[in-house]
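Novice: Need a 3D model of the sequence below.
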Amino acid sequence: MKLDEVKALLKDENPQKRMSAITALRQYEETVAVPLLASQLKDPEFIIRSFASTGLGYKRTSEGFTALVDVLQYDRDPNVRSEAANSLAKYGKQALPYLMKAAEIDDHWLLQMSILSSVAEFDCPDELYILCMRALEHSDAVVQCLGLEHLGYLQDSKRHDDAQEELLIWAESENWAFRKQAALTLRQFNGLFTQNALVRLMQDEDYRVVAATLEGLI
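Specialist: Model prediction:
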């Protein structure tokens, strides 16, 4: 698609055509694509803002980074903020302070999950541990289970013992789903306490916990 056509479609009243224009920007260099993508971040349709945020994760410039930070802080839709977080993470550790701040002030489950998964790819055990603990305190059980899962990324890190201790606590939870996820993650750890916990979980009252504990061990 020619650039003039892309620019025209970005102004079209039909959101589908604006989305197709954003997709077409993939073939253009950063110097061309980023200003046009950034211009769509105020679009009234959240899907357009989300698409533009995703695009800025692949067409990376300082202008795009700044634009994504603004979206992460100020966009009214959690889907868009989540996409901005995912895209910021593609810039590497320079995004870490902004992701950590967003996780601290924005409790939406989708954003919490996006940031936790993104930071897990960095070599930042302290920050990841903080995010895992925040996830475990969340009101959404899915976020809590993701926190338990990502404690596994801390195996053999300086937060190894902290992560293992937390998992051992959750292995005693009254909620079968938490015991199941704790069992799945604990299999990555060693030590007498962990092995004893796994033996107990093999005899859990809930068959789903038993199956998760046995998975990969037999």
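
Novice: ok, residue 57 to residue 50 distance?
Specialist: Residue 57 sits 11 Å away from residue 50, going by CB to CB, to the nearest Å. (C-beta placed from N, C-alpha, C; glycine too.)

Novice: try residue 201
Specialist: 40 Å.

Novice: Please apply the same query to residue 22.
Specialist: Residue 22 is 10 Å from residue 50, by CB to CB.

Novice: can you check residue 17 too?
Specialist: Applying CB to CB to residue 17 and residue 50 gives a distance of 16 Å.

Novice: Below-threshold pLDDT in the chain: ranges please.
Specialist: Across the chain, the ranges flagged by pLDDT under 70 are 216-218.

Novice: For it, just list every one of the helices.
Specialist: In the chain, the helices defined using DSSP state H lie at 3-10, 15-24, 30-38, 46-58, 62-74, 78-89, 96-105, 109-119, 125-136, 141-150, 160-170, 176-186, 192-201, 207-214.

Novice: Apart from its neighbours in sequence, what residue is nearest residue 85?
Specialist: Excluding the flanking residues, the one nearest residue 85 by CB to CB, 6 or more residues apart in numbering is residue 114, at 4.6 Å.

Novice: dump the residue contacts of residue 157.
Specialist: Contact partners of residue 157, counting by CB atoms under 8 Å, 6 or more residues apart in numbering, are 125, 163.

Novice: can you rerun that using 6 Å?
Specialist: Neighbouring residues of residue 157 by CB atoms under 6 Å, 6 or more residues apart in numbering: residue 125.

Novice: which residues sit against stretch 37-53?
Specialist: By CB under 6 Å, 6+ apart, stretch 37-53 touches 15, 18-19, 22, 55-56, 67, 71, 77, 79-80, 83-84, 87.
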